[in-house]
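Novice: structure for the following, please:
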Amino acid sequence: QVQLVESGGGLVQTGDSLTLTCTASGITFYTYVLAWFRQAAGKEREFVGAVDPGGRSTVASDSKRGRFILSRDNAKNTVFLQMNSLKPEDTAVYYCAARYLLVATNASDFPSWGQGTQVTVSS
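Specialist: A predicted model of the protein is given here:
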């Protein structure tokens, strides 16, 4: 049974940095793509970024690129989302998702999800 547990969310101020952590179990971690999505109130879930089994990362090509950094530690079954220069529009529930081997950017392509962690950025 796949389990993804996110942590690290909280209330921060504009310009702050925050690192989210997702720890996985029930999968052969080093063969899985781990991704981050986010969903703001009243909006659809959107792709933030993903990191493939080899550690190569893809970040959404909008205001997140250059501010968000993804990494993984295969020895600890953990993926990280480092968020810098946070803005109020980054406020959302952030979800970790997993799929086997191939990078994807659509939420529907990810069969496994964590419960989410709230990030709130105050102005």
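Novice: list the helices and strands the helix-or-strand element of the chain with minimal mean pLDDT packs on?
Specialist: Of all helical and strand segments in the chain, the minimum by mean pLDDT, DSSP states H and E falls on strand 57-59, at a mean of 91. Under the contact criterion of 3 or more C-beta pairs under 8 Å, 6 or more residues apart in numbering; DSSP states H and E, strand 57-59 touches strand 46-51, strand 68-73. Where you see a C-beta, it was placed from the backbone N, CA and C, and this is true even at glycine.
Novice: ok now it, how far from the chain's centre?
Specialist: 10 Å (C-alpha atoms, centre = their mean, to the nearest Å).
Novice: what's it in contact with?
Specialist: Strand 57-59 has contacts (C-beta atoms under 8 Å, 6 or more residues apart in numbering) with 48-52, 65, 68-71, 103, 105.
Novice: ChimeraX command for the buried members of these?
Specialist: Remark: buried members of the contacts of strand 57-59, expressed as a ChimeraX selection using 16 or more other C-beta atoms under 10 Å:
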select :48,49,50,51,52,68,69,70,103,105
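Novice: sort the contacts of strand 57-59 by pLDDT and name the bottom one.
Specialist: Across the contacts of strand 57-59, the member with the lowest pLDDT is residue 65, scoring 78.
Novice: got a list of what that residue touches?
Specialist: Counting by C-beta under 8 Å, 6+ apart, residue 65 has contacts residue 59.
Novice: from residue 84, how far off is it?
Specialist: The gap separating residue 65 from residue 84 is 12 Å, by C-beta to C-beta, to the nearest Å.
Novice: out of the helices and strands packed on strand 57-59, nearest to residue 29?
Specialist: With distances scored as C-beta to C-beta, the stretch of the helices and strands packed on strand 57-59 nearest to residue 29 is strand 68-73 (8.2 Å).
Novice: quick check: angle from the closest one to strand 46-51?
Specialist: Orientation note: strand 68-73 sits at an angle of 40 degrees relative to strand 46-51 (axes from the mean of the first three to the mean of the last three C-alpha atoms, to 10 degrees).
Novice: in whichever helix or strand comes after strand 68-73, which residues are buried?
Specialist: Sequence-wise, the next helix or strand downstream of strand 68-73 (DSSP states H and E) is strand 78-83. Neighbour-count burial for strand 78-83, with 16+ other C-beta under 10 Å as criterion, is recorded at 78-81, 83.
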